[in-house]
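**Q** I'll drop the sequence and a predicted model, then ask my questions.
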Amino acid sequence: MGVAELLERIQEPWSSRVINRLARGSGVRENFQTQINRFYDSLIQAIEIGDPAWLDPVILDWATSTTVSDLSEGQKNITAILNQIFTITYETARENLSESDALNLFGTILPLFTYALEKVARIEMETRVSYISKELSDIQKRMEQLDKSKSNFISVAAHELKTPLTLIEGYSAMLRDQNKKGPAGQIDVLIDGVYNGITRLRGIIDDMIDVSLIDNKLLSLNFQPIWLGQLLSLLRTELIGSFATRKQIIDLNKFPGSDQMLFADPERIYQAFRNILTNAVKYTPDGGTISIDGRILPGFIEVTISDTGIGIAPESQDRIFEKFGQLGNISLHSSGKTKFKGGGAGLGLPIAKGIIEAHGGTLWAESPGYDESNFPGSTFHILIPMRTEPPDPKYAKLFGVETELGETK
Ligand code: ADP
């Protein structure tokens, strides 16, 4: 007896077993029965003609019918069903056919099932990959939206906070001036406290505004001749008190390029250096050393700010430049500017990066890793284009900035 006939002989018991085992619920069974019969007929055809491709239409229909919920639950539906159908065929043949007929049947249908399984697995994999890629692109879109609303929030919050702050600032300044005219007393300390609080708040709000300007590519640069050595030594003078409090050594080298004139926005470049240098103070223990060095590269001047601090783990060396990308424990947050590991709002580095990039330069961090016992240190590299004249305002938009020199303002 031919294999196709053997298959026809066991069709009845086979199909009732398949339906009992695989289809639950009478509504499902009816449709399933049609599908199963279609599969069985294709199997017989494939055997008669000797071409497994007869199974293709039914396999294709099954494999592409995987629903979104199947995919999101990660079920391997059709492959599993095919496996079960194969097991049932094996059981039914053994129970209903002689041993030699059953063996004969298996010899013929095994390659067909292997063919079907391979095909289904490939289609299912493709369907899953395209589902995952779509999920990923949806997530990316949602993240972009989230980032945009975060940046909008920052901008609105900063502007809202600015108005009452300006009022408090004005009144407390008046209070201070009034008090100076009268006898000195304890009230001085209180007023100074209020004033310090206001100054810090002003710093945070200014940072929020800068971040939103950078995000929206609205940072306006005022290109003027600058000398990096001069800027850095001014900064060292500003922070001399912090180095002293933390007993840190500041080693500012006179490097090639430090006395070279170049065009950049002095205030913004100073701000970027200040953010990086105050971090070096914060994340270096008492008694550590901070070194500033540099060199000339083709088209750029590179400044390096190295410290002997806690270092940065390799996986975090990019993340620290993202908004609110600080790595430390939130409970360690401190409004103190230079306290050891006193994290801030997490905006200092994104602003520094935004400023350097708006100039057409780059900023990155290198460190052997994070270690609070051995202090491997970190080095921040700042590359600033060596402009010997201010950029043409026409090209300023290329950097996503506005210059204060001409038409684009
Ligand atoms: P923060 O206000 O938290 O200092 P920043 O944007 O200035 O925010 O820095 C982001 C994070 O990068 C910090 O919270 C800190 O974890 C890490 N970091 C920055 N500079 C250094 C450094 N010199 N050494 C070690 N970690 C640093």
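**A** Alright, I've got the coordinates.

**Q** low-confidence ranges in the stretch 151-300 of the chain?
**A** Within the stretch 151-300 of the chain, the stretches with pLDDT under 70 are 181-186.

**Q** that one against the ligand: which residues are in contact?
**A** 275, 279-280, 283 (Cβ under 6 Å from any ligand atom). Backbone N, C-alpha and C define where each C-beta goes, glycine included.

**Q** which among these count as buried?
**A** With burial judged by 16 or more other Cβ atoms under 10 Å, the buried subset of these is 275, 279-280, 283.

**Q** now tabulate the residues you listed in CSV and tack on secondary structure.
**A** Below are these laid out as CSV (DSSP: H, G, I helix; E, B strand; the rest coil):
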residue, secondary structure
Asn275, helix
Asn279, helix
Ala280, helix
Tyr283, coil
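
**Q** what's around Gly288, how many residues?
**A** 21 (other Cβ atoms under 10 Å).

**Q** host element of Ala63?
**A** Per DSSP states H and E: Ala63 is located in helix 56-64.

**Q** quick check: phi and psi on the residue in the stretch 51-200 of the chain that the ligand sits nearest to?
**A** Across the stretch 51-200 of the chain, no residue is closer to the ligand than Arg200, which sits at 12.2 Å (Cβ to the nearest ligand atom). Torsion angles at Arg200 (phi, psi; degrees, to the nearest 10) stand at phi -70, psi -40.

**Q** likewise Thr379?
**A** Phi and psi for Thr379, reported as degrees, to the nearest 10, are phi -130, psi 130.

**Q** and what of Asn83?
**A** phi -60, psi -40.

**Q** what about Ser89, how many residues nearby?
**A** For residue 89 the amino acid is Thr, not Ser. Neighbourhood size, Thr89 [other Cβ under 10 Å]: 23.

**Q** now do the contacts for it.
**A** Residues near Thr89 by Cβ atoms under 8 Å, 6 or more residues apart in numbering: 10, 14, 109.

**Q** neighbour count and pLDDT for those residues - can I get that in TSV?
**A** Converted to TSV, those look like this (neighbours: other Cβ atoms under 10 Å; pLDDT from 0 to 100):
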residue	neighbour count	pLDDT
Ile10	21	93
Trp14	20	92
Ile109	21	91
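
**Q** among those, name the ones in helices.
**A** Taking DSSP state H as the definition of helices, the contacts of Thr89 contribute 14, 109.

**Q** and which of the contacts of Thr89 is nearest Tyr270?
**A** Of all the contacts of Thr89, Ile109 has the smallest distance to Tyr270: 79.1 Å, by Cβ to Cβ.

**Q** separation between that closest one and Tyr40?
**A** Counting by Cβ to Cβ, to the nearest Å, the gap from Ile109 to Tyr40 is 11 Å.

**Q** Glu238 now?
**A** Separation of Glu238 from Tyr40 (Cβ to Cβ): 85 Å.

**Q** likewise Asp147?
**A** From Asp147 to Tyr40 the distance is 54 Å (Cβ to Cβ).

**Q** compare neighbour counts for the two and give me the winner.
**A** Legend: neighbour count by other Cβ under 10 Å for Asp147 and Tyr40, higher for Tyr40 (20 against 13).

**Q** neighbours of the residue lying closest to that one once chain neighbours are set aside, just the number please.
**A** Among residues not flanking Tyr40 along the chain, Gln11 sits closest, at 6.1 Å (Cβ to Cβ, 6 or more residues apart in numbering). Here the number of neighbours of Gln11 (other Cβ under 10 Å) works out to 17.
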